[in-house]
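Engineer: How does the following fold in three dimensions:
(chains A, B, C and D, ligands or ions: 2)
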Amino acid sequence: MGPPAGQVATHRELGLTDSEYERIVELLEREPNGVELAMFSLLWSEHCAYKHSRKLLGRLPTDGERVVMGPGENAGAVDVGNGYAVAFKVESHNHPSAVEPFQGAATGVGGILRDVFAIGARPIAILDSLRFGELDSERSRYLLDGAVAGIGHYGNSIGVPNVGGEIYFEAPYEQNCLINAMCVGLARTSEMVRAAAAGPGNLIVLMGASTGRDGIGGASVLASAELEAGDDAKRPTVQIGDPFEESKLLECCLELLNRGLLVSLQDLGAAGLTSSAGEMASAGGVGIDLDVRKVPLREADMEAFEIMVSESQERMLAVVEPPRLDEVVATCQRWQTGSAAIGEVTGGGHLRIFDAGEPVGDVPVSALVDECPLYDLEPAEPEGWMYSNEETLGTQVALSVGRSADAGDPSAILPALLASPSVASKRWAFEQYDSLVGSRTVRRPEQADAAVLMLPESERAIGISIDGNGRRVACDPYAGAVEAVLECAANLACVGAEPLGLTNCLNFGNPEKPNVAWQLDRAVSGLADACRKLGVPVVGGNVSLYNETGQGPIYPTPVVGMVGELPDPSRVPGMAPRDGDELLLVGPFAPSLAGSELAKLRGDLGPGLPALEISEVAAAIAFVRELARSGAASAIHDVSDGGLACALAEMAIAGGVGLGIELDPLVELRGASGETCLFGEGPGGFLVALPEASALKLVEEAAEGGVGALRIGSCDGERIVISAAEAEASVALEDAERAWRSLPSRVDPGR
Amino acid sequence: MTFGVLQFPGSCDERDALAACERVAEARLVWHEETDLAGIDAVVVPGGFSYGDYLRAGAIARFSPAMEAVAAFAAGGGPVLGICNGFQVLCEAGLLPGALLPNEELRFLCRQVELGYEGTDSPWASELSDGDALSIPVKHMSGRYFAPDDVLDELESSGRVAFRYAEGQNPNGSARDIAGVTNESGNVLGLMPHPEHAVDPLTGSADGLKLFSSVASLLAAA
Amino acid sequence: MKARVLITPKEGILDPQGKAVERALPALGFEGVSNVRVGRLVELDTNDPDALPSLCEKLLANPLVEDFEVEVDEK
Amino acid sequence: MKARVLITPKEGILDPQGKAVERALPALGFEGVSNVRVGRLVELDTNDPDALPSLCEKLLANPLVEDFEVEVDEK
Ligand SMILES: Nc1ncnc2c1ncn2[C@@H]1O[C@H](COP(=O)(O)OP(=O)(O)O)[C@@H](O)[C@H]1O
Ligand SMILES: [Mg+2]
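Structural biologist: Ligands and ions are numbered 1, 2, ... in the order given. Purely as a prediction, here's the structure:
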């Protein structure tokens, strides 16, 4: 049985260790044949088996009153009332995007959409979190340009609005960019499905696109091994996305679920049929028989193993009761999407593969899906700074600030920070995304810290945010990961949203290296502690390891996506203050230059972030949330990258009004230098603009709630003037805006 | 009165267009294979990526059975509004002059723009007055309106340029800042910006609603 | 029979893709390239090549803004 | 010298456009057309045709997913 020996590569070439191979032989009680080995190599890859991370993930809190589906399903979901749930998940497509940014990013979006509609939720929003090298590198510009176009292409074509995201530019991502995409969907709770096969005798139906040689070996070769020079050989496996096909498939699947025609549904992602059939069988405690010759093929001469591991996009696997098959097929035809019954559910607990009736593979489902050995990490804290400060100094910005005579002049630093690509306006990118389709978008990109979508179905709205500053996590993996969670919650607070659940994507280097293992270990603890203290359950996520090249690991980058609810979308404050408004700084913000954007530009990065008290920040978050809901503030914005001065400038630009700010009270309170107060970073700072008459009342209310609030100035004129002790930044509003809007000229220097 | 909103495989703004119509009248989706528009008083060909927008925006959709019915409906004087991809489809079908080419910047662009309305006879603009400014978003990859100069001259002199982008806001390189044109008798209007995404102040603007209410009130009065 | 349809933007119509290529050339060290026009190419098998011009006019090209040329491989 | 670059999706690489066109044809009354592949066509003038293959690889085509062919008109 099976193909002749030598037709597929040996276990080592497929990425399995000798001991893993021995374990497979033990479980099968014989040598695997080629088809079986290919299947094991993929399901036992890091990408599918989480062999270096599963133990850590156990630390994350997953329970909550509002949780409808937690980790283990295609997407997590939380209850939003009136019988509706919001489903969401973030996923990475880093390595495919480093090879071909447009298609890699596009298919990343396609994949996360499928995870969401696989549970019966209609996708209502996409967010994307991207990391590239510095923009003075041609490769970074090429990757950025392609990835943004690809994300836009897929989401725009399929009609799901892209409502938010983030882009950071840091040298450690130069060779290994990060492309994380998050999808949010809305479902009637009663119509949601789990991906568990059930009912021996039921049919396995493959829907959607035909199967080609796309991404063969992708999961093991592309997603779980370090990228090296000479990756060209891996290139023929590039997956091409077809959003038109997915749009039909999406509508078809939602109609089938709505009409109750499916027993269960699962997307095909990494490792294609092998993983979706294997995981469906495992979740249902059943077996599955498949005949690969019944799979509609794009290329007739495909081998059995190729069909089993192909990562052709836009496919879904469903379990269907035999009497329903005709209706399912007819519905697929109406949507002009493919469907083929390729097998059936069995009681045997085995995944058996046939090729035109001939058995070519037979493995116990549990061996394939559940028996992959899990490894303990061997963490070791690095001595000193693992990354090079020299490399972070690549940009023109860095040169102008870090090394010029003006290096100490706040009036020069502010525009330089605003022009730093990680801080600058990302309008160049988000205008390439349709942020409006669906008619739910109450706050679009740049209108508020979090996107706001209304849900008339449940008579409320949701706020959504995605965040994760890898540089700060590199400085201190525990504190940095805590900050990522706090930053998301802070963004939600600014629009009055209370967190319901969290998803995350852990983008790290090679976990077999002790220093990376340490980063991973500390970061997961940080996430877990922050989630516990904020009371936010983790409902899903994704892990992407081995993000490194010869130049070393990426910054450790846990990306956090959070969804919160708010009662009244008509009372959401924006970021634009009004002329004459008074400005207050609310919260326990204690600025520090450690890990800051300015420290980066000066080449001053090193280990360590100041200690912080999560509960104090949580109290400020809760206070700001209520303030936002009250409608009393004309604008709210939290302090993040580039510190107070940048946050203030962003508000001034949004409102088209100058600012006069005096930070001496902060200097006194924190005992920090003027420069640190202007440009230092840290969690727990909120800027609130409101009419002068309400300012005093707000300070009193904050004090009653145990939250600090300082009156720091007001909005008027055409200059941004911020002073703190000896330091003063004074910049014309239009100069600040020009700097902040300079990204297009950096992406396309020829223009 | 009842709006019919066409639905092609790959359309994606049809639900929003339907919801916009439903704010002012009855409305239903019309599947691309339908050929009978009985009971429908006005047709919206919505935005999106019909048939993936492959080959050329709107090129494949124009051949759908429903579009044949729409052509007959338009010939009989029925009001037809093509939005974005719908505008492209109407041009491809020859119901409107010109073509929509890839944006000059070659990128997809989603942005709120200001439109100036210039008097026409279109039923879609009965509630607008010459010189009105409307805030309506654009979002498209191929929105650069093109027609030969003599056709443009003719459009202008016969009052068939219904909407132009406000000065300095032409997002795509459209000839003479044209954002929307009508056919000779005014019942067919093609518009690149998306009025169906501007029907509620909560999502940014309600200016687009006037197009739908124009037709609805006109037909209700008739 | 194999056939190829070559579709190009009509003379006089702005071709931003062609312009973008021209702009990118010097940075890549290519001199002496000009008049770049970017169009579409459709390859297909047909058993009725005489129908191709009509197919082009109706579907593959937009005669208002594009020219086309059909090449049939008679083998 | 005039030259033409014909760029097509690589063998085995999914071609969504070709697929969509192929599917639409019967409804338009065109029978017997198959294997539709949609690619790009670049026309240009050059005084150094030998540089074209390199230009294709670097700029005009994406060698990961596309094949290209250069035709030079020697006149
Ligand atoms: N970092 C994480 N935090 C929480 N849950 C996670 C994390 N990573 C993965 N998971 C969960 O593990 C399961 C498997 O993830 P994955 O293999 O990405 O799913 P899929 O194959 O559906 O894309 C999912 O339910 C996912 O939510
Ligand atoms: Mg899944």
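
Engineer: All the helices of the stretch 201-350 of chain A, in order from the start?
Structural biologist: With DSSP state H, counting those that start in this stretch, the ranges of helices along the stretch 201-350 of chain A come out as A:243-258, A:272-284, A:304-309, A:325-334.

Engineer: which residues of chain A score low on pLDDT?
Structural biologist: Confidence mapping of chain A against pLDDT under 70 gives the ranges A:1-9, A:217-237, A:391-406, A:750-751.

Engineer: Tell me which of the helices of the stretch 201-350 of chain A approaches C:Glu69 most closely.
Structural biologist: helix A:243-258 (27.7 Å; C-beta to C-beta). Just so you know, the C-beta spots here come from the backbone N, C-alpha and C atoms, and that holds for glycine as well.

Engineer: ok, and does the closest one reach over to ligand 2?
Structural biologist: No: Helix A:243-258 is not in contact with ligand 2 by C-beta under 5 Å from the ion; minimum separation 13.0 Å.

Engineer: In the sheet, which residues pair with the residue of chain A found nearest ligand 1? Tell me.
Structural biologist: Across chain A, the shortest distance to ligand 1 (C-beta to the nearest ligand atom) belongs to A:Gly541, at 2.6 Å. Beta bridges link A:Gly541 to A:Asn504, judged by DSSP bridges.

Engineer: Also B:Gly180?
Structural biologist: Beta-bridge pairing of B:Gly180 under DSSP bridges involves B:Phe163, B:Leu191.

Engineer: And for it, the neighbour number?
Structural biologist: 32 (other C-beta atoms under 10 Å in any protein chain shown).

Engineer: Assess the claim that it and B:Leu189 are in contact.
Structural biologist: Yes: counting by C-beta atoms under 8 Å, B:Leu189 is a contact partner of B:Gly180 at 6.2 Å.

Engineer: what ranges do the helices span in chain B?
Structural biologist: B:14-22, B:65-75, B:85-92, B:149-157, B:209-221 (DSSP state H).

Engineer: before we move on, which element is the residue nearest to A:Glu166 when sequence neighbours are not counted in?
Structural biologist: In space, and not counting its chain neighbours, A:Glu166 is closest to A:Ser129: 5.3 Å by C-beta to C-beta, 6 or more residues apart in numbering or on different chains. Take DSSP states H and E as the rule and A:Ser129 turns out to sit in strand A:122-132.

Engineer: starting at the chain centroid, how far to that strand?
Structural biologist: Mean-position distance between strand A:122-132 and its chain equals 7 Å (C-alpha atoms, centre = their mean, to the nearest Å).

Engineer: again with stretch B:215-222
Structural biologist: 19 Å.

Engineer: and it, average pLDDT?
Structural biologist: Mean pLDDT, computed over stretch B:215-222, is 90.

Engineer: For it, give me every contacting residue.
Structural biologist: B:1, B:3, B:24-25, B:41-42, B:79, B:81, B:123-124, B:126-127 (C-beta atoms under 8 Å, 6 or more residues apart in numbering or on different chains).

Engineer: re the thing from before, so the residue nearest to A:Glu166 sits against A:Ser92, correct?
Structural biologist: No: look at A:Ser129 against A:Ser92 with C-beta under 8 Å: they stay out of range, at 9.2 Å.

Engineer: How about the contacts made by the residue lying closest to A:Val263 once chain neighbours are set aside?
Structural biologist: Distance criterion C-beta to C-beta, 6+ apart; nearest residue to A:Val263, sequence neighbours excluded, is A:Val319 at 4.1 Å. For A:Val319, the contacting residues are A:197-199, A:202-205, A:262-265, A:280, A:345, by C-beta under 8 Å, 6+ apart.

Engineer: which residues does A:Val319 form a beta bridge with?
Structural biologist: Under the criterion used (DSSP bridges), A:Val319 bridges to A:Ile204, A:Ser264.

Engineer: next one: A:Arg711
Structural biologist: Bridge pairing for A:Arg711 (DSSP bridges) gives the partners A:Leu584.

Engineer: how much space is there between it and chain D?
Structural biologist: According to C-beta to the nearest C-beta, to the nearest Å, A:Arg711 stands 56 Å off from chain D.

Engineer: Could you count how many residues lie near that residue?
Structural biologist: 16.

Engineer: Quick check, it in contact with A:Glu700.
Structural biologist: No: assessed by C-beta under 8 Å, A:Arg711 is found out of contact with A:Glu700, at 11.7 Å.

Engineer: ok so, going back, same list, the helices of chain B, but as a markdown table with mean neighbour count please.
Structural biologist: Supplementary listing: the helices of chain B in a markdown table, determined by neighbours: other C-beta atoms under 10 Å in any protein chain shown:
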| stretch | mean neighbour count |
| --- | --- |
| helix B:14-22 | 23 |
| helix B:65-75 | 19 |
| helix B:85-92 | 29 |
| helix B:149-157 | 14 |
| helix B:209-221 | 20 |
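
Engineer: can I get the ones you listed in a markdown table with distance to ligand 1?
Structural biologist: Listed next are the helices of chain B as a markdown table, based on distance: least, C-beta to the nearest ligand atom, whole Å:
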| stretch | distance to ligand 1 |
| --- | --- |
| helix B:14-22 | 27 |
| helix B:65-75 | 37 |
| helix B:85-92 | 31 |
| helix B:149-157 | 51 |
| helix B:209-221 | 41 |
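
Engineer: if we can go back for a sec, can you tell me which residues contact the residue nearest to A:Glu166?
Structural biologist: Applying C-beta under 8 Å, 6+ apart, the residues near A:Ser129 are A:90, A:165-167, A:178, A:180-182, A:466-468, A:505, A:559, A:561.

Engineer: Return only those of those residues found close to ligand 1.
Structural biologist: Among the contacts of A:Ser129, no residue sits close to ligand 1 (C-beta under 6 Å from any ligand atom).

Engineer: Go through the residues you listed and flag which are in helices.
Structural biologist: Using DSSP H, none of the contacts of A:Ser129 sit in helices.

Engineer: Could you show which parts of chain C are in contact with chain B?
Structural biologist: C:13-14, C:16-17, C:20, C:40, C:58-60, C:62, C:64-65 (C-beta under 8 Å from any C-beta of the partner chain).

Engineer: which of the residues you listed tops the neighbour count?
Structural biologist: Ranking the residues of chain C next to chain B using other C-beta under 10 Å puts C:Leu60 first, with 23 neighbours.

Engineer: if I look at it, how far off is A:Glu314?
Structural biologist: As judged by C-beta to C-beta, to the nearest Å, C:Leu60 and A:Glu314 stand 25 Å apart.

Engineer: I'd like the distance between whichever residue of the stretch 151-300 of chain A sits closest to ligand 2 and chain B.
Structural biologist: Relative to ligand 2, the nearest point of the stretch 151-300 of chain A is A:Asp267 (4.5 Å; C-beta to the ion). Distance of A:Asp267 to chain B, given as C-beta to the nearest C-beta: 20 Å.
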